[in-house]
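# Sequence and predicted structure, then a few things I'm wondering about:
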Amino acid sequence: MAMRPPVGVPTLTRRTRILLAVAGAAVLLLLAGSRLINVYIDWLWFGEVGFRSVFSTILFTRIVQFLVGGLLIGGLVALSLWIAYRSRPVFVPLSGPEDPIARYRTVIIQRLRLFAVGIPVGIGVIAGLSAQGDWQVVQQFINSTPFGVADPEFGLDVSFYAFQLPFYRLLLNWLFVGIAISFVVALITHYIFGGIRLTGRAGVVSGPARAQLAILAGVFVLLKAVAYWLDRYELMGSDRNPLFNGATYTDLHAVMPAKLILLFISVICAIAFFAAVFRQNLQLPAIATVLLVISSVLVGAAWPAVLQQFVVAPNAGDREALSIERNIEATRQAYGLTEETVTEVRYPGTSEATPAEVRAETATIPNIRILDPAKLSDTFTQFQQGRTFYGFQDPLDIDRYAADDGTVQDYVVALRELNSQGLAGNQTDWINQRLVYTHGNGIVVAPANQVNAELDDAGGQGGLPKFTSIDIASMDNPNIPQSLQVEEPRTYYGELTEGYSIVGAPDGAPPVEYDSDTERYTYAGRGGVPLDNFVNRLAFAAYYGERNILFNSSINDNSKIMYVRDPADRVQAVAPWLTTDGDPYPAVVDGRITWIVDGYTTLENYPYAERMQLGEVTADAVAGGPGLRPELDREVSYLRNSVKATVDAYDGTVTLYAFDETDPVLKTWMKTFPGTVQPESAITPGLREHLRYPEDQFKVQRALLTRYHVDNPAEFFSNVSFWDVPSDPTPSGGATAAGLAQPPFYLLAGQPGERSSDKPTFQLTSALVFQAREFLSAYVSASSHPETYGQITVLQLPPDTQTQGPQLVQSLFAGSPEVSKDLGLLARNGQSAVVNGNLLTLPVAGGLLYVEPVYIQRANEESSYPQLARVLVSYNGRVGFAPSLDTALDQVFGAGAGADVPSAGATPPTEPGTAVPGTDATASPELVAAAQAIRTAIDQFRAASASGDFVGQGEALQALDTATDRFQAAQAASAAAPAPAPGG
């Protein structure tokens, strides 16, 4: 039967080819153009902050990896194609008149160069793009630094597991990919060109096809042998036992020998594949492959399972003792919990303290914090916002400052930032949003242990922080302590500022940036990328899709554009090898408003160390649940706070300081990016006074201390001595935060465990409870004091203690009839909300003192704000509940116990036009009258309660409601925003 000739591919005309080429170039330009603009924008930004070497190093590394990955995979594919094509049969017999392969074979032959070049290039480009993402692994391998610590099984330095093993595994995986793709390409090529024919029952494979495929399969199996060799080292991070990480008894005595056995079998299997080159059939490699599969099941899986079930499980405590001991030691080393850092102190937890003993705690009692930074953002906003386009971060921060006489005071701290979300009306047009409203105005602080007045004694105006605003208007105020005075209160970089701003004006031109209703300003700092040429303006116009950047006449040769303005984002960008803490905080450092950001170096494979899921362990009732910070959705087995970073709030200058110069991971990155990290000696005394022990590191360490305070492997295995992090009894997030861990708290207090200490230190603290019980097991404190920074003190209570933990203490408060009655009165039938502040735990006179501020806030009103109404105190089961801390302490311990507690500020003014305590505002006659009416109604209620006059109580409550409504209305009127925004 005659066969039809294969149909050829239609030839394209010259015009069609040109059009297709133009269309392809346009698509390529669209795809590559935006990427090139992004690269140029990043290049400008890194130049502005002085870290262009970081950008160039990363870019160069990624380009090299792209080329190496592309050439490796593309080269292997090209070689495989060339060999398969050159060894094709000269004559290809057809399988029938309708051979389905003939058409494709004809197409390929007619476009042979296109396929021969296009397939390897396409696969190589895809491989190169995938390879460039692992630049950190490559740089760590190149700049590896020894730890000086050997793993307990192989005796290899930890740097092998940290820096070298990941690179070997990466390289091996790419070789696997290259050989696998080459095998598939060779198989398809031989099939198309007749080297493999599916005729008859068994088909036909030509000698060259069999040889090439056998060699590729043999190489793949040899790579598998190398993988088995590397698997032995990765057992040092095994998670076979849910109690701990590291090689278990089964791993050491079954899995590790199995890996060696499988390695030798893989080599034999590879030899069998190579032998198939010289044989006429594939029987030998087929037998070897079956042997490898069966061995993997029996030796690699069944044998370890049998050993675990019949040898380890019946005597697990004894069998796993060595592995647990190794895990304890490695975990403490990896997370900085060694004896040099952690001090354990036996602490009774209960005592019958006298008023004199309480007063003797002069470092703790006077500094007890009654302002909760997680609850007071609305209060700061109401009284210190000034304009709706300013705002304060939520939660607020805690830091300490020295008075001019050297006395240290802890403050609630808030930066008055530009809040882009607060712009409204014509303030949101492009000119106002980008050229006028560009910066915030100063910083606001309030002593954390004081309020302006007691709520009951101030006619509703008490219970407020004693604000001090350091801003443009108060720069020359002599009453501000030296440690809080700033040279430049304007802030261009912060957590609330979104998008970009364009600053700068020609010499002599009128300023346009908003400072106040009567003043404008022109930026004079070094921050921002210059817009002094057409190329930059065109690039930014394209990047932001905003033509005004190109055509607006206000943009001139002195203009600069500010972007990437969040301090954590700036640090993360210049040091992508760091994991930043979730709570950057502002501080006045050497006269500059400065953001301080803690940076961590981490590893995922420290041998035998426990792996921690960062997102889960750092979640708490204030920070929120897991998943809110995607960058923390990973496991680590090593963590160090090796870098302290600062970001100047005015000019955006980023500075990295080496804080743990012994950290091998930090040394590795400093070799990768030389000159980017300043030595620890460059940290000024002014900066060192404001360094805090970081929260995320502390959360990881306290979670580990719940188990790794145990030294004995048998005790560790039994779990009987384990602790828990308590859930927060007063969560800030309501129902969404219920059940989340209680956050750690920054406190200014005496050294834990030392009685009568008169030198308060700034600490980060947390209570711990026994596992599955709510009795207190330990109290952990990490020092932020410059002389003892990083020292962790663990006060361990007796194992049979009945000292109540946070949840039990909160239940004790709620169950007190007096407390319940008074809180009901404060709530006024639901018109006000009672807000429980943070429940602080404090070691005092051999026992544990609990202190919780209670706030009231007008219900269902956007302009409402919390005010301190009461303070709850508990000690040894006794409860104090009063409008002030000193009175509550006297109720618990006896008269005089709270004598050293700072008293509240003066009572509110009674004359119109005088200052309202706790604010910069001036009291209107309506406000003063309403406040006096509140006080009168409270006095009437107390008198009616004392005489048992229920009718009088009802009338007094009604009068109190009316007076409170008047007060809220008068207060809202006095706080209304004045003056329209400029540019409108």
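Arrived safely, thanks for sending.

# those helices in the stretch 601-750 of the chain, which residues are they?
614-617, 664-672, 685-688, 695-708, 713-718 (DSSP state H, counting those that start in this stretch).

# so can I have a markdown table of these showing mean pLDDT?
Formatted as a markdown table, those follow (pLDDT from 0 to 100):
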| stretch | mean pLDDT |
| --- | --- |
| helix 614-617 | 94 |
| helix 664-672 | 97 |
| helix 685-688 | 96 |
| helix 695-708 | 97 |
| helix 713-718 | 94 |
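
# between these, which one is nearest to Arg105?
Counting by CB to CB, Arg105 lies closest to helix 664-672 out of those; the figure is 50.9 Å. Every C-beta, even on glycine, is put in place using the N, C-alpha and C of the backbone.

# Would you mind listing the buried residues in the closest one?
Pro664, Val665, Leu666, Lys667, Thr668, Trp669, Met670, Thr672 (16 or more other CB atoms under 10 Å).

# Quick one: distance of that helix to the chain centre.
Relative to its parent chain, helix 664-672 has a centroid offset of 21 Å by CA atoms, centre = their mean, to the nearest Å.

# in the stretch 701-850 of the chain, which segments are predicted with low confidence?
Across the stretch 701-850 of the chain, the ranges flagged by pLDDT under 70 are 732-737, 755-757, 829.

# just so I have it, where are all the strands in it?
According to DSSP state E, counting those that start in this stretch, the stretch 701-850 of the chain carries its strands in the segments 723-724, 745-749, 761-770, 776-783, 792-796, 832-836, 840-844, 847-858.

# would you turn those strands into a markdown table with mean neighbour count?
Shown next, in a markdown table, are these (neighbours: other CB atoms under 10 Å):
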| stretch | mean neighbour count |
| --- | --- |
| strand 723-724 | 20 |
| strand 745-749 | 23 |
| strand 761-770 | 24 |
| strand 776-783 | 25 |
| strand 792-796 | 21 |
| strand 832-836 | 19 |
| strand 840-844 | 24 |
| strand 847-858 | 23 |
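
# In JSON lines, list those along with distance to Glu616.
Output for these, formatted as JSON lines (distance: least, CB to CB, whole Å):
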{"stretch": "strand 723-724", "distance to Glu616": "14"}
{"stretch": "strand 745-749", "distance to Glu616": "21"}
{"stretch": "strand 761-770", "distance to Glu616": "16"}
{"stretch": "strand 776-783", "distance to Glu616": "19"}
{"stretch": "strand 792-796", "distance to Glu616": "21"}
{"stretch": "strand 832-836", "distance to Glu616": "25"}
{"stretch": "strand 840-844", "distance to Glu616": "23"}
{"stretch": "strand 847-858", "distance to Glu616": "27"}
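
# Out of those, the one nearest Pro694 is which?
Counting by CB to CB, Pro694 lies closest to strand 761-770 out of the strands of the stretch 701-850 of the chain; the figure is 8.2 Å.

# what distance separates that closest one from the middle of the whole chain?
Mean C-alpha position of strand 761-770 versus that of the full chain (CA atoms, centre = their mean) differs by 21 Å.

# Find the centremost residue of the protein, please.
The residue lying closest to the centre of the chain (CA atoms, centre = their mean) is Gly582, at 4.3 Å.

# residues in contact with it?
Contact analysis of Gly582 by CB atoms under 8 Å, 6 or more residues apart in numbering lists Thr618, Ala623, Arg629, Leu632, Glu695, Asp696.

# Confirm it sits in a helix?
No - the assignment for Gly582 by DSSP: H, G, I helix; E, B strand; the rest coil gives coil, which leaves it out of any helix.

# still on that earlier bit, which pair of the buried residues of helix 664-672 spans the longest distance?
Pro664 and Thr672 (12.8 Å).

# still on that earlier bit, show me the one of the strands of the stretch 701-850 of the chain that comes nearest Arg400.
Across those, Arg400 has its closest neighbour in strand 761-770 (4.9 Å, CB to CB).

# Tabulate the CA atom coordinates of that closest one in PDB.
The C-alpha trace of strand 761-770 is given here as PDB (Å, rounded to 0.1, in the frame of the first residue of the first chain):
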ATOM      1  CA  THR A 761      16.600  47.900  86.900                       C
ATOM      2  CA  PHE A 762      14.700  47.800  83.600                       C
ATOM      3  CA  GLN A 763      13.500  44.200  83.000                       C
ATOM      4  CA  LEU A 764      11.400  42.100  80.800                       C
ATOM      5  CA  THR A 765       9.400  39.700  82.900                       C
ATOM      6  CA  SER A 766       7.000  36.800  82.800                       C
ATOM      7  CA  ALA A 767       5.200  34.400  85.100                       C
ATOM      8  CA  LEU A 768       5.100  30.700  84.400                       C
ATOM      9  CA  VAL A 769       2.800  28.000  85.800                       C
ATOM     10  CA  PHE A 770       3.000  24.300  86.200                       C
END
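
# partner strands of that strand, parallel or antiparallel?
Strand 761-770 has its sheet partners listed here by DSSP bridges as strand 723-724 (antiparallel), strand 745-749 (antiparallel), strand 776-783 (antiparallel).

# quick one: contacts of the second one?
Think strand 745-749. Under CB under 8 Å, 6+ apart, the answer for strand 745-749 is 363-364, 367-369, 398-400, 408-410, 448-449, 692, 760-766, 784, 838, 840, 842.

# With the longest one instead?
Residues outside strand 776-783 that contact it (CB under 8 Å, 6+ apart) are 347, 349, 693, 698, 701-702, 705, 709, 723, 752, 761-770, 789-797, 799, 801, 803-805, 841, 843, 848.

# Could you do the shortest one as well?
When contacts are taken as CB under 8 Å, 6+ apart, the neighbours of strand 723-724 outside the stretch itself are Leu705, Thr706, Arg707, His709, Leu768, Val769, Phe770, Gln771, Ala772, Ser777, Ala778.

# Next: stretch 682-693.
With contact meaning CB under 8 Å, 6+ apart, stretch 682-693 is reached by 399-400, 402, 585, 587-590, 594, 596, 598, 644, 646, 657, 659, 746, 762-764, 782-784, 786, 789-790.
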